[in-house]
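>>> Sequence and predicted model, in that order:
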Amino acid sequence: MSAAVTVFTRQYFHGTRANLAPGDLIRLGYRSNFTAGSALSWVYCTGTLDAAIWGAELAGGEGAGRIYVVEPTGPLEDDPNVTDKKFAGNPTQSFRSRDPLRVVAEVVRWQGHPPEQVQQMKDALTRLHAQGAEIID
């Protein structure tokens with residue numbers, strides 16, 4: 001197989017409940033979608049639509065879950081919350097950065113997980129929180 005140049009660009013996604021528009025920046029300093037703790041020192045994105053759907057479904061706050069196509073404005077690294085704590089390697093293609101993510105577009109047609117599966121995940125997160133587990137670094 002050759003290492004030919006391709007016209008395709010890798011896509012990154014961000015799932016949330018925030019109402020954003022193309023050109024907006026997802027920056028450091030806001031609280032996590034998943035905890036009520038202090039402001040985050042990282043921004044997060046994923047290379048898979050499924051992980052972004054989970055982000056949109058599990059995000060706290062009001063409003064509908066939303067998924068955005070984003071582009072990093074700086075370097076990305078593997079998200080250790082997933083890669084080191086849950087899965088070997090990075091099968092969810094979860095990443096973090098200290099630099100903003102620029103919103104390129106909103107994914108408007110996506111299918112969420114079954115409600116009972118979402119509730120099971122929310123229950124599991126509630127149990128972890130009750131045990132004092134830090135879900136987000």
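Received the coordinates, thanks.
>>> show me the contacts for G47.
Contacts for G47 (Cβ atoms under 8 Å, 6 or more residues apart in numbering) come out as R10, Q11, Y12, F13, Q93, S94, F95. Backbone N, C-alpha and C define where each C-beta goes, glycine included.
>>> for the longest helix seen in the chain, packing partners?
For the chain, the helix with the greatest residue count under DSSP state H is helix 115-130. In terms of contacts (3 or more Cβ pairs under 8 Å, 6 or more residues apart in numbering; DSSP states H and E), helix 115-130 is packed against helix 49-58.
>>> Pull the distance from the helix it packs on to the chain's centre.
7 Å (Cα atoms, centre = their mean, to the nearest Å).
>>> the inter-axis angle of whichever helix or strand comes after that helix versus helix 49-58?
From helix 49-58 onward toward the C-terminus, using DSSP states H and E, the following helix or strand is strand 66-72. Relative orientation of strand 66-72 versus helix 49-58 (axes from the mean of the first three to the mean of the last three Cα atoms, to 10 degrees): 130 degrees.
>>> in its sheet, what does strand 66-72 sit against?
Strand pairing for strand 66-72, using DSSP bridges, gives strand 12-16 (antiparallel), strand 101-107 (antiparallel).
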